[in-house]
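Engineer: Make a model of this:
(chains A, B, C and D)
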2 protein chains.
Amino acid sequence: MPDKPLSSSQRAIHELRNKVFSGELAAGSDHLESELADLLDMSRTPVREAVLTLESQGLLELRPRKGVRILPLSPDDMAEIYDVLTELESHAAERAAEAGYDETDLKALATAIDDMDAAIAASDLDAWAEADDRFHSELVRLGGNRRIQSIVGMMSDQVRRARTMTLFMRPLPTKSNEDHRAVFHAIRSGDADTARDSHEKHRQHAKAIIVELLNKHRLRFL
Amino acid sequence: MPDKPLSSSQRAIHELRNKVFSGELAAGSDHLESELADLLDMSRTPVREAVLTLESQGLLELRPRKGVRILPLSPDDMAEIYDVLTELESHAAERAAEAGYDETDLKALATAIDDMDAAIAASDLDAWAEADDRFHSELVRLGGNRRIQSIVGMMSDQVRRARTMTLFMRPLPTKSNEDHRAVFHAIRSGDADTARDSHEKHRQHAKAIIVELLNKHRLRFL
DNA sequence: GCATTATTTAATGCATACGCAAATAAATGC
DNA sequence: GCATTTATTTGCGTATGCATTAAATAATGC
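Structural biologist: Residues are numbered from 1 along each chain as shown, chains lettered A, B, ... in the order given. All right, here's what the predicted structure looks like:
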């Protein structure tokens, strides 16, 4: 069936998001509402609504008369984001382990891990990143807390922005999948403490790598 | 000076929030945009913008053609919210302890604790609740992560809704302030682990009490 | 009667218009 | 020249109207 026509508002949200991710709307740049409306070929109304939504998700900022500002991400911002992810995802891992999921329930998680292995073997960074996203979002889903899912979703969006930049400037994340497996096994065996601790270490490590990378390359923002 | 005139949009956000808290807009009820516009004596436009914002904060839900639905809070929702608060506030406590704040920096925290003591002595539940809010928000502020401040702020809003209902049906929170003092002392002495653990226990305890209370009183939602 | 289709109703999504206030430019006084 | 005032521009906040489409109701066929 022909996909249902998307509302202008929704379209605005998605297209603006994409343009931020792709860099077409550069971090730190300002844009008038009317400019964005022209860009998306719609009136200001749906643009305003989209901008309101994206503001609440931390992607941009409304500064009356100065335009809509695409929020830059500093290394400090990145550190904040990773800290939130660390806490909430670790909680999810803990809960997932307590939930007593069986092999079937954990299949998506296992698949994501395997896909990461394959991607690394093929040196396909994009595929790895996609599978990594899948692992983390599935983990959070298994945690069962919908508010955490929503918050982590928003924060992951921001991380994705930074990863585009940093992925190619760091070594292949070969070690990363050991962490994923540790978390996986802890969950499968119902060891909540280990699941939590493993994931916590995993995320803290990721944070350290990215923040160091950004600082080393003098990426004051992105 | 005469306070600056608030925009209709801002007014709508605040007034709608208040009406949700006060119960004037009951949880679970549906309201057309035009109805809310009439209620607030403004056009649909700023109401729509406010509703968009409040939706992203989890207070209500937009269901096209069915109206704006004030989201009810179930015991499960409450549990989710407390879990998020537990994780993020505990992280803040840990960081606050690491930050090496001196007596002056921690004054607001100490004051909040004293105020709670005074409120309990006077059996003034409203004053206690206010000081408790102050303690938690100051704690999170000291944690230094602005994203956590924002998330915790949103979640605390929801807790406040429930507390209105439950505050009078539970014993005076006399024990609660012991927890607060433990967190305070750990922060002052730079003991991050203790700060974290104390606060974690504090919040888990609060969660258990509220969830039990809601279930006991068959408050399926609120 | 019951199911299906046609008709009406009405809430929303969006475009548009307009007044106001802020920012900028121009003009005036010193 | 520089500061201060005045004029002008321009972006935003809000109101309003209309087209669209989902829901509700009536009508038709079987």
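Engineer: Tell me, how many residues neighbour residue A:120?
Structural biologist: When neighbours are defined as other Cβ atoms under 10 Å in any protein chain shown, residue A:120 has 18 of them. (C-beta placed from N, C-alpha, C; glycine too.)
Engineer: helix or strand for it, which one?
Structural biologist: Element membership of residue A:120, judged by DSSP states H and E, is helix A:107-121.
Engineer: Quick one: mean pLDDT for whichever helix or strand comes after that helix?
Structural biologist: Where DSSP H and E defines the elements, the next helix or strand beyond helix A:107-121 is helix A:125-143. Mean pLDDT, helix A:125-143: 96.
Engineer: Check which element follows helix A:125-143 along the chain.
Structural biologist: helix A:146-166.
Engineer: ok and the next helix or strand after that following helix relative to helix A:107-121, angle-wise?
Structural biologist: Using DSSP H and E, the helix or strand that follows helix A:146-166 in sequence is helix A:176-188. If you take axes from the mean of the first three to the mean of the last three Cα atoms, to 10 degrees, helix A:176-188 sits at 170 degrees to helix A:107-121.
Engineer: Residue numbers of chain A in contact with chain B?
Structural biologist: By Cβ under 8 Å from any Cβ of the partner chain, the residues of chain A that approach chain B are A:48-49, A:52-53, A:56-58, A:80-81, A:83-84, A:87-88, A:90-91, A:145-148, A:151, A:155.
Engineer: From these, list the buried ones, please.
Structural biologist: A:48-49, A:52-53, A:56-58, A:80-81, A:83-84, A:87-88, A:90-91, A:145, A:147-148, A:151, A:155 (16 or more other Cβ atoms under 10 Å in any protein chain shown).
Engineer: Give the buried residues for the helix holding residue A:120.
Structural biologist: A:108, A:109, A:110, A:112, A:113, A:115, A:116, A:119, A:120.
Engineer: which residues touch stretch A:25-42?
Structural biologist: For stretch A:25-42, the surrounding residues in contact (Cβ atoms under 8 Å, 6 or more residues apart in numbering or on different chains) are A:8, A:11-12, A:15-16, A:19-20, A:43-44, A:47-48, A:51, A:63, A:66-73, A:161, A:221-222.
Engineer: Buried among the residues you listed? Need that as a selection in ChimeraX.
Structural biologist: Burial among the contacts of stretch A:25-42 is assessed by 16+ other Cβ under 10 Å; the matching ChimeraX selection reads:
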select /A:8,11,12,15,16,19,20,47,48,51,67,68,69,70,71,73,161,222
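Engineer: returning to what we had before: now render the buried residues of helix A:107-121 as TSV, adding distance to residue A:208.
Structural biologist: As requested, those are exported to TSV (distance: Cβ to Cβ, whole Å):
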residue	distance to residue A:208
A:108	28
A:109	24
A:110	27
A:112	23
A:113	22
A:115	25
A:116	20
A:119	22
A:120	20
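Engineer: nearest to DNA strand C, of these?
Structural biologist: residue A:108 (32.1 Å; Cβ to the nearest atom of the strand).
Engineer: residues touching the nearest residue to the closest one once chain neighbours are set aside, list them.
Structural biologist: Spatially, and ignoring its direct neighbours in sequence, residue A:108 is nearest to residue A:138 (4.8 Å; Cβ to Cβ, 6 or more residues apart in numbering or on different chains). Residues near residue A:138 by Cβ under 8 Å, 6+ apart: A:108, A:109, A:112.
Engineer: From what I see, the last one and residue A:131 are in contact.
Structural biologist: Yes. The pair residue A:112 / residue A:131 is scored as a contact, 5.0 Å apart, by Cβ atoms under 8 Å.
Engineer: From the buried residues of helix A:107-121, list the ones also adjacent to DNA strand C.
Structural biologist: Among the buried residues of helix A:107-121, no residue lies close to DNA strand C (Cβ under 7 Å from any atom of the strand).
Engineer: Serialize those residues to TSV and add fields for pLDDT.
Structural biologist: Below are these laid out as TSV (pLDDT from 0 to 100):
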residue	pLDDT
A:108	96
A:109	97
A:110	96
A:112	97
A:113	96
A:115	96
A:116	95
A:119	94
A:120	93
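Engineer: From residue B:166, how far off is residue A:48?
Structural biologist: 38 Å (Cβ to Cβ, to the nearest Å).
Engineer: okay, which residue is most central for chain A?
Structural biologist: Closest to where the C-alpha atoms of chain A average out (Cα atoms, centre = their mean) is residue A:156, at 1.7 Å.
Engineer: Residue A:54 - how many residues pack around it?
Structural biologist: Neighbour count for residue A:54, taken as other Cβ under 10 Å: 22.
Engineer: near DNA strand D, which residues of chain A show up?
Structural biologist: With Cβ under 7 Å from any atom of the strand as the criterion, chain A meets DNA strand D at residues A:5, A:32-34, A:44-45, A:48, A:62, A:64-68.
Engineer: and which of those residues is nearest to chain B?
Structural biologist: Using Cβ to the nearest Cβ, residue A:48 is the member of these that lies nearest chain B, at 7.2 Å.
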